[in-house]
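Student: no sequence on this one, just coordinates:
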């Protein structure tokens with residue numbers, strides 16, 4: 001038999017839940033990811049991210065303020081290179097700090113970050129590289145953003161695509177440049 005909520009004259013006028021104190025107010029949420037990062041940097045300047053890349057349980061830290069500043073610098077370089085809101089940017093990094101900086105630079109600028117793993121080799125038979133080559137036309141990417149440490153992998157991608165003009169931006173160049 002189906003379950004029915006209890007009813008009757010004794011129950012109809014009762015409140016549905018017990019409420020004590022003032023009306024509960026939900027905390028104000030940031031309206032967007034860029035606003036969320038700006039709020040974290042402003043309201044929690046000493047908090048941030050600890051990167052555990054080496055597995056030791058210890059690693060470098062980056063405050064939210066530093067992440068916002070680093071991402072803004074990279075964003076300025078992306079804009080100078082012609083990346084516009086809505087553009088898809090392939091991100092290829094092996095270290096988390098670079099990946100997050102590049103990711104947030106894209107988000108701050110309205111570009112769509114597409115993070116991918118760095119292929120284990122530049123061999124044409126590499127499955128990860130093959131998947132990327134097969135997905136390339138559907139992704140409609142405007143740029144590849146990577147680290148110079150992965151130049152061999154990016155060159156292999158260009159070779160397999162048969163297009164020597166794969167538009168590549170190097171994170172180190174964007175970070176070092178003085179942007180207006």
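Tutor: Right, received. Where do you want to start? What you see is a predicted model, and the numbers here were worked out from it, not measured in a lab.

Student: backbone phi and psi for the nearest residue to residue 83 once chain neighbours are set aside, please?
Tutor: Spatial nearest neighbour of residue 83, excluding adjacent residues (C-beta to C-beta, 6 or more residues apart in numbering): residue 111 at 5.4 Å. (Each C-beta comes from the backbone N, C-alpha and C, glycine too.) The phi/psi pair for residue 111 (degrees, to the nearest 10) reads phi -80, psi 160.

Student: per-residue confidence for residue 111?
Tutor: pLDDT for residue 111: 96.

Student: could you list every residue that touches it?
Tutor: The contact partners of residue 111, taken as C-beta atoms under 8 Å, 6 or more residues apart in numbering, are 78, 83-89, 142.

Student: Go again with 10 Å.
Tutor: 75, 78-79, 83-89, 105, 142-143, 145 (C-beta atoms under 10 Å, 6 or more residues apart in numbering).

Student: for residue 95, same thing?
Tutor: Contacts of residue 95 (C-beta under 10 Å, 6+ apart): 51, 53, 101, 118, 147, 149.

Student: And for residue 169?
Tutor: So residue 169 contacts 74, 77-78, 80-83, 89, 102, 143-146 (C-beta under 10 Å, 6+ apart).

Student: Tell me which of the residues you listed fall in strands.
Tutor: By the criterion of DSSP state E, membership of the contacts of residue 169 in strands covers 89, 143-146.

Student: taking the mean pLDDT, what do you get for the helix ranked longest in the chain?
Tutor: Longest helix of the chain, by residue count under DSSP state H: helix 64-80. For helix 64-80, the mean per-residue pLDDT is 94.

Student: Same question for it: list its buried residues.
Tutor: 64-68, 70-71, 73-78 (16 or more other C-beta atoms under 10 Å).

Student: now those as CSV including distance to residue 45?
Tutor: Converted to CSV, those look like this (distance: C-beta to C-beta, whole Å):
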residue, distance to residue 45
64, 7
65, 5
66, 10
67, 11
68, 10
70, 15
71, 16
73, 18
74, 20
75, 20
76, 22
77, 25
78, 25
